[in-house]
Each structure stands twice: as structure tokens, then as C-alpha cells.
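>>> Coordinates only, no sequence provided:
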């Protein structure tokens, strides 16, 4: 991490620093293509899509980390014994799987078969981010990719062979807003409209969920009673007018030919189920670009995007092919509309009143488990400047974490230091 910090307590003067495990490995904790010429369309429809314009840096100014598909290593909720049996059946050293802890739902575990046997690495999930050994990742796929190709998990050992679950796992919860909401200023709450779709990351307790808004890609908190579960069969991208969930390749090409040069649409990928294809009409060609789905994010041309709409918006402004940007969408005329329950209007006022009460209670309960809090100065690796952040030393059972935030009103930490692989010590001022 390489960051430096200075701490100051709200209850008195305190200096401090921390020291990381020099090996940098996580601690083991118990869990508990191509163009299509219109003249040759029939022969060339089955070719692969382009991966998109190449770039060294993504939308977050970081290189993309490649991992095997989540379906090959994520097992959903699974107990320790069953995980070990599945790894033993695999037999190959370097085999691994990721599971949700059965003892602590909402937490995850990386189970790994190495030279010394089976190890279980605790993964802390906080507001859509994942931490292992204090290192922060934006998705489980990023975490797996990092310890596959970038860093050792144990000394001279990396993730080699994913162990697939015996049957497909689909535990990603999605909800749809039944009422609109405007956020409180300076908080991590989200503003949204009726019909907006969200991916749920964490149940924060007291009626609050940490989610990613599908339409905007923004993460934050929403109140549980303002949403209801979404039918798993519905692709959330149906909210976008240029998305065509059921059209075939031939139908897509026909629509683009009629719409003319500069037109585009998006449909599910046939070559890579779970991913998407961007069809774009350039002069006398239809070009296709693959958009890879990674957790709740999207990858194209080495860039990571928070939502599918962000991909389209970027290439409306930036060249996707030399001299060309996306111009006008082919609109899907059969978009479904969300209709809330008829008795919702009478219940709305009661729901909003409950929300206000739960918000007040939530502010009081945020101090629960905080052993110490105050402000720290954190030195940035990029700018070498010091920035003041609010910190809280959280103790939960045998786990101790130092979390730091932009302000005391925020729920999602800017970062987390796992004190099982770092040391916090007092230093003198000056």
C-alpha cells in the first residue's frame, strides 16, 4: 500500500502509525471482432466480436485484471467441510474456490489447496468492496485475477486451477424501486426514481441495503422498504432503449442497415453467454464489439465501466473506430414498463415515515463497535500530499479494523486496514 498516516484522536492528542506484513500475502483467518461486410453477411455472422479499442488504463486509471469466469470458481454459500471435500476431489495443487461463509453470511472465503494443505483466507466485504489481508479490490473477480497473475497468495504459490461448483450458482440479488427517493446531503444514500434497478451487495442492517444502481453505476445506501425483489429472469439492461434482449444477429444487422451509418444497438452475446455485443454500422460494414460482464461491472477495450450505459456514453464522445463515434441508437420499441402495486400510494407516507425513523436510529448505531475514532492525515502515493480523513477503530469479535472515511457522515470507508496483518502503534508528535 505504501501509504503513510498520522492519527489524531477526537478525545485527545494521539500520534500513530502502522506497519504492514512485509510479505504482502493475505493472512489465513477462519471464516467464522471483426467487421461484417454487408455483401458477405451470411458467411461472416459467426465470427468473434472485437474486444474494443485497446487502452493501458481503464476508466479507473488501472489496468484490467483478468480472471477465469466467476461461474468456474464461485460456489455461493458453502461450509468449510464441503469446500475442503471439493478441493480434495480436484487433487491438483493450486486449486481454489471462493464461497460465502455459512457462519457469517455476507463475508467470503477463498479456499485454496497448496503445498501445505488446504488454507482458508477470510475476505471482508464492505459496501461493495472486498478486502483480503487489508488489500482492497472492487470485485471478487479482481481479487482472483490478482492472485492468479500478479501476486503470490503464499510464498511462491498462486491460484492455478479453479474448481467449478457442481451446479450453476445465481445468488446475485436484484431489486427494483417502487417509490422515488432523494438522498440526504453529504451521506452515502442514493437518489433514485421509481423503476430503477439495483444490485444488492450488503445488508447493512436496520432496513438499509448497500447497492449498485444499474442505470448510473453509482454505489450507495437505499432503504429496503422502497424496493422489492426483481424477477431473476429479467435482464436489468432492458431499461436502456438501445438494448435488444431477444433479437437475433440477422435481425440486428437488418435494423442497422435500415437505420444507416452511425447507428448502433446492444444485444446479448451468442459467442460468450453472459456478455454483450455492441453492433455498430460504419459505412458498408457492421462491426461488433464484445462487452464483458465482470460482477456488476463491464469491461471493454481494457476499460472497466460501472454500467452498460457508461460504455455507450464514452463511445458517443470518443472514437470507437478511427474517425467514428456512436451516433444514433436503434430503439427497442418493446421495452417493458414497471407497474407498482395499486395499493402503494396509500402506504407511501407510512414507508417514508419509517425511513426517517430508521435513519435516525442508524446514525446512533453507527458508533457501535467503535473502540476509538477521530481524524487522521493520510499521504497519497500519487500526489504525495496529506489529506485529513475521519477514522474509526472497529472491533467485532476477534477482528479489528481501522477504517477511514471522507467524513463522519459517510458509511463506505475509503479504505480499511486489517490489524491482523498490520500493527498500529503510538508515536510522539513533532
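Sure thing, it's come through. Remember, it's a predicted structure, so these values are computed and weren't measured experimentally.
>>> Would you mind giving the domain segments of this structure?
As assigned by the TED database, the chain contains the domains 70-162, 174-235, 242-329, 370-418.
>>> Which of those sits closest to residue 425?
Checking those against residue 425 by CB to CB gives domain 370-418 as the closest, at 11.9 Å. Quick note: C-beta positions are derived from backbone N, CA and C, even for glycine.
>>> can you put the domains of the chain in CSV and add distance to residue 425 and mean pLDDT?
Formatted as CSV, the domains of the chain follow (distance: least, CB to CB, whole Å; pLDDT from 0 to 100):
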stretch, distance to residue 425, mean pLDDT
domain 70-162, 16, 91
domain 174-235, 31, 85
domain 242-329, 36, 90
domain 370-418, 12, 84
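>>> Next, format the ones you listed as TSV and append mean neighbour count and distance to residue 168.
Output for those, formatted as TSV (neighbours: other CB atoms under 10 Å; distance: least, CB to CB, whole Å):
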stretch	mean neighbour count	distance to residue 168
domain 70-162	18	6
domain 174-235	18	12
domain 242-329	18	11
domain 370-418	16	30
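>>> need the helices for the stretch 101-250 of the chain, in chain order.
For the stretch 101-250 of the chain, the helices identified by DSSP state H, counting those that start in this stretch occupy 140-149, 249-259, in order along the chain.
>>> Not counting the first one itself, show me its contacts.
Residues external to helix 140-149 that are found in contact with it (CB atoms under 8 Å, 6 or more residues apart in numbering): 65-68, 70, 73-74, 96, 98, 108, 110, 123, 130, 132, 135, 137, 153, 158-160, 162, 294-295.
>>> The stretch 51-200 of the chain: strands as residue ranges?
Per DSSP state E, counting those that start in this stretch, the stretch 51-200 of the chain has strands spanning 74-78, 95-101, 108-114, 117-126, 129-132, 135-137, 161-162, 174-177, 197-205. These are given in chain order.
>>> Now do the contacts for residue 393.
By CB under 8 Å, 6+ apart, residue 393 lies in contact with 370-373, 400-402, 424.
>>> Mind checking which of these land in strands?
Judged by DSSP state E, the subset of the contacts of residue 393 located in strands is 370-373, 400-402, 424.
>>> Look up how far residue 244 lies from residue 421.
Using CB to CB, to the nearest Å, we find residue 421 at a distance of 48 Å from residue 244.
>>> Repeat that for residue 216.
21 Å.
>>> ditto for residue 183
Taking CB to CB as the measure, residue 183 falls 33 Å from residue 244.
>>> For residue 390, state which of the ones in strands among the contacts of residue 393 is nearest.
Looking across the ones in strands among the contacts of residue 393 and measuring by CB to CB, the closest to residue 390 is residue 373, at 7.3 Å.
>>> who's the closest one bridged to?
Each beta-bridge partner of residue 373 is listed here: residue 392, as defined by DSSP bridges.
>>> give the contact list for residue 410.
Counting by CB under 8 Å, 6+ apart, residue 410 makes contact with 187-188, 390.
>>> Let's have these in TSV, adding distance to residue 141.
Formatted as TSV, these follow (distance: CB to CB, whole Å):
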residue	distance to residue 141
187	29
188	24
390	30
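>>> Distance-wise, check the residue nearest to residue 407 when sequence neighbours are not counted relative to residue 326.
Excluding the flanking residues, the one nearest residue 407 by CB to CB, 6 or more residues apart in numbering is residue 390, at 5.8 Å. Noted for residue 390: a distance of 42 Å to residue 326, by CB to CB.
>>> Right, I'll leave it there.
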